[in-house]
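[1] this one's structure only:
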């Protein structure tokens, strides 16, 4: 068989192949796609010709995939699933009350999720779709209405407003906190310090106490603040409380304060949007988020009405 010079296999043939592979027969695939048995057979033959590989063993009761067919079926199943997921997203976007909100995992689970009922309350048609990401994605390209991120300022091409800052202080599991007792800040360095990918909070806290801190081999780094809290609660070291993200862990007693001295975290939390006009449902959600964060109405209105030059 000769391989076609086209870089892309015939998509109609791929669809027929996927149905036949999934259902185990050309007849079942024909019923599924509302085609004839002969049409499925011709499409599969066209694909086999394009690939230069036999994809099916024809049997008395249906067909069975060859090893080459099995590999192709795995790839096509993944591709069709990805397309279906994207299609669902586009269909959902037609609903005026569906708002896509992106944030990092810790903010999503520790701040947004406990307030989800409040944000959706009073409007049964409003549904928030979370897009959890560590990276700062292109909001417009990804169809994102709003973003909450942790950072040091506005990002180019976005309208941003600071939601809240953090007054950080050291916390640990109750047993470890008891062993630490009270006293000079240096005592905390007897134990591993736990932080996320950015250790600037600890550097800032120790600097405020007149000490120079640099991460040590015994200190523990985790990529997300959820894991930082879990590590501290399990006695793996001392972490920094970052209100309001650490609020529930403190209220439940999983961690307790080990030093009363606080410091302003050099990073803050920001609500972002693109420069275009927000849909009414997205604007309403933004108002509720800003109200929950305690922003004055003037700052909220400025965020909603701002236009990028």
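    Sure, I can see it. The model shown is predicted, which means the values in this text are computed figures rather than measured ones.

[2] just give the closest residue to residue 62, not the sequence neighbours.
    residue 25 (3.7 Å; CB to CB, 6 or more residues apart in numbering). Bear in mind the C-beta positions are built from the backbone N, C-alpha and C, glycine included.

[3] do the same with residue 239
    Using CB to CB, 6+ apart and skipping residues adjacent in sequence, the residue nearest residue 239 is residue 232, 3.8 Å away.

[4] surely that neighbour forms part of a strand?
    No - read with DSSP: H, G, I helix; E, B strand; the rest coil, residue 232 is helix and lies in no strand.

[5] now the residue most central in space within the chain. Its backbone dihedrals?
    Residue closest to the average C-alpha location in the chain (CA atoms, centre = their mean): residue 132, at 1.3 Å. Torsion angles at residue 132 (phi, psi; degrees, to the nearest 10) stand at phi -90, psi 120.

[6] wait, it sits on residue 101?
    No - between residue 132 and residue 101 there is no contact under CB atoms under 8 Å: 9.8 Å.

[7] low-confidence ranges, this protein, go.
    Low-confidence segments of the chain (pLDDT under 70): 1-7, 84-96, 307-309.

[8] so which residues of it form helices?
    For the chain, applying DSSP state H gives helices covering 11-23, 26-33, 37-51, 67-93, 105-107, 116-120, 174-180, 200-208, 225-233, 247-251, 280-292, 297-305.

[9] I'd like those helices laid out as CSV, including distance to residue 214 and mean neighbour count.
    What follows is the helices of the chain, written out as CSV (distance: least, CB to CB, whole Å; neighbours: other CB atoms under 10 Å):
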stretch, distance to residue 214, mean neighbour count
helix 11-23, 55, 20
helix 26-33, 62, 19
helix 37-51, 57, 18
helix 67-93, 44, 13
helix 105-107, 24, 20
helix 116-120, 39, 14
helix 174-180, 21, 15
helix 200-208, 8, 18
helix 225-233, 18, 22
helix 247-251, 27, 14
helix 280-292, 36, 18
helix 297-305, 37, 14
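
[10] turn these into JSON lines, columns for distance to residue 258.
    What follows is the helices of the chain, written out as JSON lines (distance: least, CB to CB, whole Å):
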{"stretch": "helix 11-23", "distance to residue 258": "57"}
{"stretch": "helix 26-33", "distance to residue 258": "63"}
{"stretch": "helix 37-51", "distance to residue 258": "64"}
{"stretch": "helix 67-93", "distance to residue 258": "45"}
{"stretch": "helix 105-107", "distance to residue 258": "21"}
{"stretch": "helix 116-120", "distance to residue 258": "31"}
{"stretch": "helix 174-180", "distance to residue 258": "5"}
{"stretch": "helix 200-208", "distance to residue 258": "12"}
{"stretch": "helix 225-233", "distance to residue 258": "10"}
{"stretch": "helix 247-251", "distance to residue 258": "12"}
{"stretch": "helix 280-292", "distance to residue 258": "29"}
{"stretch": "helix 297-305", "distance to residue 258": "34"}
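
[11] having no further points to raise, I will conclude here.
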